[in-house]
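>>> generate a structure from the sequence data that follows.
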Amino acid sequence: MLEVTNYKPINKGALVGTFAVRIPSWNFFINDISLFQKEGRRWLSMPSRSYEKDGQTKYFSYCGLVNKESHERFQDAALKALDRWFIEKAKEAEAKGELKSEMTNGQGQEPIINSNDDVPF
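The predicted structure is shown next:
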């Protein structure tokens, strides 16, 4: 199962925030994954650096998955883990009377997840 750590809200354009993912069974982590949201669609970008080429900003990914199917499975699993993290943090803050907008799915509401969903990654 994937776990989310180190979430940092950014809210700049489509970029909602960054976070890290841990896969405890593999003793593995990925830092600095970017969460984007636009027009009701969410997606992730793996850690990367920007560079200039021919006057345009381009991006070089430090890591990734080798095919679209694997990427989509990882993205789905990471988004479910992120939803669980948002819900957990929102419940903790609500119990303390400190609910903040960055502890929701970016639109001020709890994400919809099925607690019986298994991470398919």
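>>> if I look at residue 1, how far off is residue 78?
Going from residue 1 to residue 78 by CB to CB, to the nearest Å gives 11 Å. C-beta: built from backbone N, CA, C; applies to glycine.
>>> out of those two, which sits in the more crowded spot?
residue 78 (20 against 13; other CB atoms under 10 Å).
>>> which residue ranges form the strands in this structure?
For the chain, applying DSSP state E gives strands covering 3-12, 15-23, 28-38, 41-45, 48-53, 56-61.
>>> quick one: closest of these to residue 72.
Nearest of the strands of the chain to residue 72, taken as CB to CB: strand 41-45 at 9.9 Å.
>>> the nearest residue to residue 79 once chain neighbours are set aside: how many residues sit nearby?
Excluding the flanking residues, the one nearest residue 79 by CB to CB, 6 or more residues apart in numbering is residue 42, at 6.1 Å. Close neighbours of residue 42, defined as other CB under 10 Å, add up to 17.
>>> same check on residue 17?
Residue 17 has 18 nearby residues by other CB under 10 Å.
>>> please renumber the chain so that the first residue is 348 from this point on.
That works, and once the first residue is 348, the last one we named lands at residue 364.
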